[in-house]
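Trainee: model this:
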Amino acid sequence: MFLKRIFIYSSLLFFLVSPLYGQRIMTVKVGKGKATVTHLDGWANVFPEGKETGRKLAVNDSLSPGDYVITGPASKLEIVLSDRSILRFADNSRFRIVNADYDEEQGRDVKVNITVGKAWAHVSKKIQGKGNFQLICENAVAGVRGTVYRMNVHDDKSVLIRVYDGTLQVTGKKPVYEIPVTLAPPQKIEGPKPVPGPHKVSLEEWVFIIKSIQQIMVKSDGTPEQPRYFTEQEDRDDWVDWNRYRDRILFSE
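Mentor: Here you go, the predicted model:
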């Protein structure tokens, strides 16, 4: 009976506190063209542009364009932008804030370059259709047309992108290979020799529109697979569950 009362009290406290906590996060002060740290598990270091030494990040710290951020093992980082969009990064992630601009008339210009790691974006709907919101990596650019998606950038430069709400335009460049052809007059047949393999001659741009509950995989050489729907079962893991929990706190009405 005692444990049951504790459980009921804890559940009630969660439902009472969560909306208030979400309101506090979504009203946190964010400087023009900057981002603010709203949640940090573990540790993260920031290296301002042009600086060789970094510093530890803490909740309420500001991030500016050019800042390069590294999250530690077993760490999670959440930042809010001035348009009230949310970005989260998993452990062992590395990314640079390229732009974080927002203007009520012109819209937003947000670009974050991910070197490696996992990112989750919950993009504010209030200025949907105005400006740009892009997560960028070496082999893909995910430009938002919707609201919720994630990007995993692996060590080999391959990429996984999954969309949870809305649509997403994903672009990139894949290599085009050519097999050398040698034309020469007939000659005396000699022993076997190595045959030159195909070599990359150019890059061909590709574009896909990814819909809600769809994913796209991009190989390490930049070649995309066809988009497909993913299942809840294959998508479930601690990282996804944590982001869904955070979204419920911040965006529940």
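
Trainee: which is the next helix or strand following the longest strand anywhere in the chain?
Mentor: The single longest strand within the chain, with elements called by DSSP state E, is strand 107-122. Downstream of strand 107-122, the first helix or strand assigned by DSSP states H and E is strand 131-137.

Trainee: before we move on, back to that, what is the longest strand of the chain packed up against?
Mentor: strand 86-89, strand 94-103, strand 131-137, strand 148-153, helix 238-251 (3 or more C-beta pairs under 8 Å, 6 or more residues apart in numbering; DSSP states H and E). For the C-beta atoms, the positions are set from N, CA and C on the backbone; glycine is no exception.

Trainee: Quick one: these as TSV, columns for mean pLDDT and distance to V163 too.
Mentor: Supplementary listing: those in TSV, determined by pLDDT from 0 to 100; distance: least, C-beta to C-beta, whole Å:
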stretch	mean pLDDT	distance to V163
strand 86-89	98	16
strand 94-103	93	20
strand 131-137	92	12
strand 148-153	98	5
helix 238-251	94	13
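
Trainee: So which of these is nearest G222?
Mentor: strand 131-137 (10.5 Å; C-beta to C-beta).

Trainee: Direction included, what does the following helix or strand past that closest one pair against?
Mentor: Scanning forward in sequence from strand 131-137 by DSSP H and E, the next helix or strand is strand 140-144. Paired strands of strand 140-144, with direction, are strand 131-137 (antiparallel), strand 168-178 (antiparallel) (DSSP bridges).

Trainee: could I get the helices and strands packed on strand 107-122 as TSV with mean neighbour count?
Mentor: Converted to TSV, those look like this (neighbours: other C-beta atoms under 10 Å):
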stretch	mean neighbour count
strand 86-89	23
strand 94-103	20
strand 131-137	21
strand 148-153	23
helix 238-251	16
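
Trainee: Among these, which comes closest to D41?
Mentor: Nearest of these (C-beta to C-beta): helix 238-251, 9.1 Å.

Trainee: Go ahead and flag the most central residue of the chain.
Mentor: Nearest residue to the geometric centre of the chain (C-alpha atoms, centre = their mean): A119, 3.4 Å.

Trainee: which residues sit in contact with that residue?
Mentor: Neighbouring residues of A119 by C-beta atoms under 8 Å, 6 or more residues apart in numbering: 87-90, 93, 95, 112, 135, 150-153.

Trainee: circling back: with respect to D61, which of the helices and strands packed on strand 107-122 lies nearest?
Mentor: strand 94-103 (12.6 Å).

Trainee: helices or strands up against the closest one?
Mentor: Partner elements for strand 94-103 (3+ C-beta pairs under 8 Å, 6+ apart): strand 68-71, strand 107-122.

Trainee: distance between it and the chain's centre?
Mentor: Averaging C-alpha positions (C-alpha atoms, centre = their mean, to the nearest Å) puts strand 94-103 12 Å from its chain's average.

Trainee: Stretch 85-96 now?
Mentor: 7 Å.

Trainee: cool, stretch 45-58 as well?
Mentor: 20 Å.

Trainee: lowest-pLDDT helix or strand in this protein?
Mentor: Within the chain, no helix or strand scores below helix 2-26, which has a mean of 47 by mean pLDDT, DSSP states H and E.

Trainee: any idea which helix or strand comes after it?
Mentor: For helix 2-26, the following helix or strand on the C-terminal side (DSSP H and E) is strand 35-41.

Trainee: Return the distance of that following strand from the chain's centre.
Mentor: Using C-alpha atoms, centre = their mean, the offset of strand 35-41 from its chain centre is 16 Å.

Trainee: Enumerate every residue touching the spatially closest residue to D156 that is not a sequence neighbour.
Mentor: Nearest residue to D156, sequence neighbours excluded (C-beta to C-beta, 6 or more residues apart in numbering): S220, at 4.4 Å. Shown in contact with S220 (C-beta under 8 Å, 6+ apart): 139, 154, 156-158.

Trainee: go on, Y164?
Mentor: 148-150, 212-213.

Trainee: Give the residue spans of the stretch 151-253 of the chain that score low on pLDDT.
Mentor: Where the stretch 151-253 of the chain drops to pLDDT under 70, the residues are 176-202, 253.
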